[in-house]
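[1] kindly generate the corresponding structure for this input.
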Amino acid sequence: MIKKRLVWIDVLRLIGIIGVILIHIVSNTMETFGGLSDNAHKFYVFIHFLFEFSVPLFIMISGMMFLKKKDITFKEMFKKYILKIILIILVFGTGMILMEEVFINKNVSLELFKKVIIRLLEGDIWAHMWYLYLILGLYLITPAFILITNNIKEKEYKIFLVILFSLTILLSLLNSAFKVNIAFNMINISGYIFYYLYGHFLYSYTISNKFKILNYILAFLGIIYTIYRASTYNSLDYIYGYTTIVPCVLASSLVLLLKDRDIKLKINNIINNIGICSLGIYIIHQFFINIIYKVLKFDLIVSYPYIGLIIYLIVIFLCSYVTTYLLRKIKFVREYFL
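    Numbers count the residues shown, from 1 in each chain. Okay, the predicted model is just below:
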């Protein structure tokens, strides 16, 4: 019997993948073409900053899906999930590196093999592939987290999350606000651990209305602040970063808005299928962005920045989805890669 998928979680996946594609369209547009009008430039900066919640959202979803399991051994975790991520990095990562080295850098020497291995180890692939290394790390420690979440009391769980939040998300805010770099911090690693556990907490426990309202208010203020910063900012250097307050409250607010909603749409099956294909879409979408920007050098987006952004989003999303859908028809690909 096939387990029924939760539509509201697949809707979150759809929102997340749209956000990721938008971020990469914006960054590639500004790096490759430039030449945007001042208003269009500010709009693109706004879109980039706003949708940074996509990465925290995906990590929260992973926490919801994996940490709800009552028990899973490291062997099971490795066979079903970790091995797949390793194979994706090796196969797709190697392909991406070879495309760069052979077609762009014209490198066809014997040193190429060594360079591929070093770049894979360093994570020096296409920019979006860093996420797979992060997920790999989280998957490796998931069995230990399951033991914790199965045995921890709700009050203790809340205290643990507050500590993680304070040492990561809140600390980032303090560093930014007071222009200091506080030495005692866990930002680089545990910010993502916080999202992983936080996603499970939001999924598994009843959240009070007061906490929900606080999230929504902070999310609204975050959007207003993002509009203000985008209107005065001239580059895509991070004003936030994934482990900061605005992406955090935007992602959690989306979870709280959609959690346990009985979403009934005529396109539920399509949404479910997109959810199933979300990993493949994430991996493949950058390939189509590179085709448009670096091979075809099609700059419709410069002449028509607003409608162009929508067209690029639709084209890249559909190409990535259809490609993933077709590849998943191959049993070997479906089981070991996508």
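
[2] tell me which residue is most central in this structure.
    Per CA atoms, centre = their mean, the C-alpha nearest to the average position across the chain is that of Val55, at 2.8 Å.

[3] any idea which helix or strand comes after the helix or strand in which that residue is found?
    Element membership for Val55 (DSSP states H and E) is helix 54-66. Going down the chain from helix 54-66, the next helix or strand is helix 74-77, by DSSP H and E.

[4] dump that following helix to CSV, restricted to CA.
    Only the C-alpha atoms of helix 74-77 are listed here, as CSV (Å, rounded to 0.1, in the frame of the first residue of the first chain):
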residue,chain,number,x,y,z
PHE,A,74,22.2,4.1,10.5
LYS,A,75,22.3,1.1,8.0
GLU,A,76,18.8,1.9,6.9
MET,A,77,19.5,5.6,6.7
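
[5] rewinding a little: what packs against the helix holding Val55?
    helix 7-32, helix 130-140, helix 187-204, helix 245-258 (3 or more CB pairs under 8 Å, 6 or more residues apart in numbering; DSSP states H and E). (C-beta placed from N, C-alpha, C; glycine too.)

[6] let's see 6 Å
    With contacts defined as 3 or more CB pairs under 6 Å, 6 or more residues apart in numbering; DSSP states H and E, the packing partners of helix 54-66 are helix 7-32, helix 187-204, helix 245-258.

[7] hmm, who's touching it?
    The contact list for helix 54-66, computed with CB atoms under 6 Å, 6 or more residues apart in numbering, reads 12, 16, 19-20, 142, 192, 195-196, 199-200, 203, 242, 247-248, 251.

[8] how about it: buried residues?
    For helix 54-66, the neighbour count (16 or more other CB atoms under 10 Å) marks 54-64, 66 as buried.

[9] between the residues you listed, which is nearest Phe165?
    Looking at the buried residues of helix 54-66 and their distance to Phe165, the nearest is Pro56, at 12.1 Å (CB to CB).

[10] got the phi and psi for Ser109?
    Per-residue torsions, Ser109: phi -90, psi 170 (degrees, to the nearest 10).
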